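[1] just coords:
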Ligand SMILES: Nc1nc(O)c(N)c(N[C@@H]2O[C@H](COP(=O)(O)O)[C@@H](O)[C@H]2O)n1
Ligand SMILES: [Fe+2]
């Protein structure tokens, strides 16, 4: 059996090899004309990879699936239980087995992935310490609004030549302003839509960088918390 150089490279501890970072977003979701349909997956992947590079934790890639409430009709998603049972559990189980992981941070970039209350069961069933990190969704503001567009601008995935087409009459998903059923069903969505109606969609590189930096720092702090937990045992 090969002896691995666990102490090699820019890592915060040799034990960080026992922690994985998995991104989850959505690859199939409309974000107006200036952002690609896989915006959520790309933002989550960037944050997860950057945190892995800065701590030495294992980057586990991005999940290909995402969930959404049926009343939010702006993309192609599955229901939450299917996402957890058929997509998330098998990936975490395989990572645990192949990489000898003891903990994982799941970095979420999509508002419809409401998985925080599944984490205890997942930990129990998989024998992993898991941190659910929803920071991107908590701080980006309305769907395909100024925050998400600004983060996309920093990542180079935004096409600002189409900014003048970013109007809800053409793209109802912007701020979810035109998604009537979703606004009636979900107060959080309706509140975000009102904010977007008030503020419009304004790309701001300083805002974008701040959102990404805040999210990366939040994942790094989750890694450090998990490190303390796994080092106790
Ligand atoms: N996509 C989605 N589904 C829900 O069920 C939601 N409650 C929300 N919330 C709003 O949309 C933003 C997330 O947009 P992305 O999914 O990251 O593109 C979130 O900040 C809320 O404003 N979204
Ligand atoms: Fe989303």
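    Thanks, I have it. The shown structure was predicted, so the numbers you read here are calculated from the model rather than taken from an experiment. Ligands and ions are numbered 1, 2, ... in the order given.
[2] what about the strands in this structure?
    Along the chain, counting by DSSP state E, strands occupy 19-24, 58-62, 103-108, 129-133.
[3] looking at these, which is nearest to residue 225?
    strand 129-133 (6.8 Å; CB to CB). Heads up, the C-betas are built off the backbone N, CA and C, glycines and all.
[4] ligand 1: which of the strands of the chain is closest?
    Nearest to ligand 1, of all those, is strand 103-108, at 8.5 Å by CB to the nearest ligand atom.
[5] could you check the angle that closest one makes with strand 129-133?
    20 degrees (axes from the mean of the first three to the mean of the last three CA atoms, to 10 degrees).
[6] name the residues of the protein found near ligand 2, please.
    26, 29, 40, 110 (CB under 5 Å from the ion).
[7] quick one: the second one and residue 109 touch, right?
    No. With contact defined as CB atoms under 8 Å, residue 29 does not count as touching residue 109 (10.3 Å).
[8] now the common contact residues for those two.
    In terms of CB atoms under 8 Å, 6 or more residues apart in numbering, residue 29 and residue 109 are both contacted by the residues 39, 40.
[9] can you pull the contacts of the closest residue in space to residue 101 that isn't next to it in sequence?
    Of all residues not flanking residue 101 in the chain, residue 20 sits nearest, at 4.9 Å (CB to CB, 6 or more residues apart in numbering). By CB under 8 Å, 6+ apart, residue 20 lies in contact with 57, 58, 59, 60, 92, 95, 99, 101, 103, 104, 105.
[10] so which residues on the protein come close to ligand 1?
    40, 68-69, 72, 109-112, 137, 140, 142-143, 148, 186, 188-189, 192 (CB under 6 Å from any ligand atom).
[11] now the buried members of those residues.
    Those of those that meet the buried threshold are 40, 68-69, 72, 109-112, 137, 140, 142-143, 148, 186, 189, 192, by 16 or more other CB atoms under 10 Å.
[12] do you know the pLDDT at whatever residue of the chain ends up closest to ligand 1?
    Residue of the chain nearest ligand 1, by CB to the nearest ligand atom: residue 111 (2.4 Å). With respect to pLDDT, residue 111 has a value of 97.
[13] now do the contacts for it.
    Taking CB under 8 Å, 6+ apart as the criterion, residue 111 is in contact with 137, 143.
[14] okay, the strands of the chain in a markdown table with mean pLDDT and distance to residue 117 next?
    Shown next, in a markdown table, are these (pLDDT from 0 to 100; distance: least, CB to CB, whole Å):
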| stretch | mean pLDDT | distance to residue 117 |
| --- | --- | --- |
| strand 19-24 | 98 | 15 |
| strand 58-62 | 98 | 22 |
| strand 103-108 | 98 | 13 |
| strand 129-133 | 98 | 9 |
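[15] between those, which one is nearest to residue 181?
    strand 103-108 (23.2 Å).
[16] which residues touch that closest one?
    Looking at what lies outside strand 103-108 - CB under 8 Å, 6+ apart - the contacts are 18-25, 44, 47-48, 51, 57, 60, 88, 92, 95, 115, 119, 128-134, 136-137, 215, 219, 222-223, 226-227, 229-230.
[17] no more questions from me, cheers.
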